[in-house]
Structure formats: C-alpha cells, structure tokens
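> Just need the structure, nothing else, for what follows:
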Amino acid sequence: MAERTLRGARIGSTSLQGETGIEFAPRRAVEYLTEKGTRFSVMFDREAEAPAEWFDPRSGELGFLDDEAGRAARAEFEEKGQQQRTHWDMLLERRSREELEQLLQDRLELLRARRGGDRG
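Residues are numbered from 1 along each chain as shown. I've put the predicted structure just below:
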C-alpha cells in the first residue's frame, strides 16, 4: 500500500520549497579567452578572486583571463611548454644521431635473427 502512495512523487529529485524570501549570494561573471579566440564565462562569488586560468567546460581548452594577470599566466604557461624536454630530447643529449641509427640497426638484426631462428 505504501508503494502506491509514493509512486510518481519523485521524492528527493525536486525541491518543493519556492524561491520566495531566498537571497542569493552576489555573483559576477568572469570571462576567459582560449588560444582559438573562444570566449566563455564562469560565475564566481563577487568577493572571490578568479583564477588566471580555467578550462572551457564545452571544448576542454585552457582559457586565460583577458587582463594583465591572464596575460602573465599565459606567458608562464607557454614558457613551461617550451622548457619541457621530450624523451627524444633527452636521448639526443646522451647519444648522437649516428649512434642511435647504428643501435637501431643492431637491435633490428638481433630481432630478425631471433625470429628466423624460432621458425627453423
């Protein structure tokens, strides 16, 4: 009997309290700009300090504030990207390209010999 009375009531899924008499916290929209020139806004509390970078919820791109703090954050981000070394960069620090070519040929010969020996 209790199941029939609760069926279709959507208990917990919607609030039955109205918005009358509720005072929302003051908010402000902060605009961010991505590399592709896409602008998007994020709502923050009026007194909160907006971060210099934020990911666009639609595209997932990194956006920066369109002010001095945002430009400084963008420059720092680009500088970090240029300073990151890849595995290839680190490998070239240890060996020359000729050494790497020779090492590759040696390993390929070893692999081919191993495959040829397994068949016979």
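> residues contacting residue 29?
By CB atoms under 8 Å, 6 or more residues apart in numbering, residue 29 lies in contact with 41-44. Using the backbone N, CA and C atoms, a C-beta is placed for each residue, glycine as well.
> what's the closest of those residues to residue 86?
Using CB to CB, residue 42 comes nearest to residue 86 of the contacts of residue 29, at 32.6 Å.
> wait, which of the contacts of residue 29 is closest to residue 92?
Distance to residue 92 across those (CB to CB) is lowest for residue 42, with 41.6 Å.
> How is that closest one assigned, secondary-structure-wise?
Under DSSP: H, G, I helix; E, B strand; the rest coil, the three-state class of residue 42 is strand.
> What count of nearby residues applies to it?
Residues near residue 42, counting by other CB atoms under 10 Å, number 16.
> and if you look at residue 40?
Residue 40: 18 surrounding residues under other CB under 10 Å.
> May I have the beta-bridge partners of it?
residue 32 (DSSP bridges).
> So residue 36 is in contact with residue 62, correct?
No - using CB atoms under 8 Å, residue 36 is not in contact with residue 62, being 10.7 Å away.
> more crowded one of those two?
Higher neighbour count among residue 36 and residue 62: residue 62, with 15 against 9, using other CB under 10 Å.
> Can you read off the backbone torsions of the more buried one?
Dihedral pair for residue 62: phi -80, psi 130, per degrees, to the nearest 10.
> Helix or strand with the lowest mean pLDDT in the chain?
Among the helices and strands of the chain, helix 2-6 carries the lowest confidence by mean pLDDT, DSSP states H and E, at a mean of 55.
> So residue 64 lies in a strand, does it not?
Yes - counting by three-state DSSP, residue 64 is part of a strand.
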